[in-house]
Structure formats: structure tokens, C-alpha cells
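Colleague: Turn this into a model:
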Amino acid sequence: MRRQDRCDSDQVRAALEAQDFDAVLRRLPVRAGETLYVPGGTLHSFGPDTLVYEIEQTSDIQQHAMRWNMEDGSPVSEQEHRSNLDMLMRQADLESRPDFTPGLSIAVGDGVERVFLCVSPYFALERWRAGTAEPLRRSFGTAQILSNVGAPVRVRTGAWSEELGRAETLLLPAACGDVEITGPADVLFGYLPDLDRDVRGSLLAAGYPLPLLRQFLASSA
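Modeller: Okay, here's the model as predicted:
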């Protein structure tokens, strides 16, 4: 997330070597519930005391500019650090400047709201909120990652039922087909989407114009 309007690779490399991230990155204030889609190749980091829910494309490639390992905080040698920066600079997209998006909301029941937070061909993230005791019901054709960001809720699928606590995550296999969650509820669903079936069709049916959908999908792809 570049700080300057124009920032060339030499400036970025020098700043990363000096660990002077503010010289080339901009700081964005973070508020609870906001979503930021970060395209591949975008230089980014998180500030202290920030809790992030991250969903991403499956990948075995990751480069970082820190002088310590993210897994355990152990130091990175000078040779390894320079090698990491070499690879990072080969992959970095210096034109990328993502920003927060509110997503697109759909009412799906009495007091139940479905919000498409971000969508791409590789993953989708939705937030479902039920403000009353009305159950939240969702049908699906692909595996779902269900995460609870609110008070404990009871999850039912088929004959199985269990409580899902705050900040807990549950994997729902595609074979389940549907899920019911007792309200009030505030949960996230992450999944690999069929864009036409799972996204465009639902948003068009809710009345969103096609140009807006194209803009939303373009900003998240």
C-alpha cells in the first residue's frame, strides 16, 4: 500500500532494507468490521494491537521484509534477508493501493442481513447477522468456513448440532448442503465461489445494477 503517488523500486528496496516502512507505505486507521481486499503482490502489514480475520487464495509463495521470522520471532540472517527482499521485489506490485470497502448487503429474512464483504474467483467472504431470534439459514454447494464473531450460537446441519463459541471456527463440508444458526448471530462464511451462482445471481435478484456489480467484482479481483 504505497504511501507516495510515485514510488519506484529503488526507493522501496532502500526503505525495506532500512526497515523504514513509513517512507513508502501509508497508514490506514482500522475500525472493527471493516474489510480490505489485498491483491497479490501488494506490500502490506498490520499495526500493533490489531486483530485480523484473513482469508486468502491457496498459495505456497510468501515473501516478507522483516528481519525476523513470522512463525517464532527468531532472527533472519543478513544473507537470508537480502534474498527475501530480492524475491519480494520481483513480485511486488507498486501500483496497488487498496482501500476499505463496506461490501454489498442483502436482507434475507426478518432481521437477517447478508453482506458480501469481498469476492474474487479464488475466495469469497460474507458476513451474516441476525438481530432477533429468527434462525439464520444458509444453503451451499461447496465447503464453508464458518467463523463466529459474536456471542455463542447453536449450529445445526442435518442431525448434528453443537454450540459455536465466540472466535471459534467450524468447517462445513459441501455434503452438508445447508446450515441453521440460532439468532441473534454474527458470523462469517468463507468459501470458494461460483461467481455467477453464488454472487452475481443473488445480488442481481436483490436489485443491484449490473454496472455496480462489475465495479465491486473488479475491485475485489
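
Colleague: So what's the residue count around P173?
Modeller: 11 (other Cβ atoms under 10 Å). The C-beta positions use only the backbone N, C-alpha and C, and glycine is treated the same way.

Colleague: in terms of contact, does R154 touch E162 like I think?
Modeller: Yes - between R154 and E162 there is a contact at 7.3 Å, judged by Cβ atoms under 8 Å.

Colleague: which one of those two has more residues nearby?
Modeller: Neighbour count, other Cβ under 10 Å: between R154 and E162, R154 has more, with 13 against 9.

Colleague: Could you pull up the residues touching the more buried one?
Modeller: By Cβ atoms under 8 Å, 6 or more residues apart in numbering, R154 lies in contact with S161, E162, E163, L164, I181, T182.

Colleague: quick one: what helix or strand has M87 in it?
Modeller: Element membership for M87 (DSSP states H and E) is helix 78-91.

Colleague: Tell me what F100 is bridged to.
Modeller: L36 (DSSP bridges).

Colleague: quick one: contacts for it?
Modeller: Residues near F100 by Cβ under 8 Å, 6+ apart: L28, E34, T35, L36.

Colleague: and R156, helix, strand or coil?
Modeller: strand (DSSP: H, G, I helix; E, B strand; the rest coil).

Colleague: nearest residue to it other than its sequence neighbours?
Modeller: Distance criterion Cβ to Cβ, 6 or more residues apart in numbering; nearest residue to R156, sequence neighbours excluded, is E180 at 4.5 Å.

Colleague: Which strand or helix spans L203?
Modeller: When elements are assigned from DSSP H and E, L203 belongs to helix 201-205.

Colleague: Could you name the helices and strands sitting against the host helix or strand of V187?
Modeller: Here V187 sits within strand 185-191, counting by DSSP H and E. Where contact means 3 or more Cβ pairs under 8 Å, 6 or more residues apart in numbering; DSSP states H and E, strand 185-191 is packed against strand 124-130, strand 136-139, strand 144-148.

Colleague: related to what we said a few turns ago, so which of the contacts of R154 would you say is closest to Q79?
Modeller: L164 (45.8 Å; Cβ to Cβ).

Colleague: Would you mind measuring from the closest one to D86?
Modeller: Counting by Cβ to Cβ, to the nearest Å, the gap from L164 to D86 is 44 Å.

Colleague: between those two, who's got more neighbours?
Modeller: Neighbour count, other Cβ under 10 Å: between L164 and D86, L164 has more, with 19 against 11.
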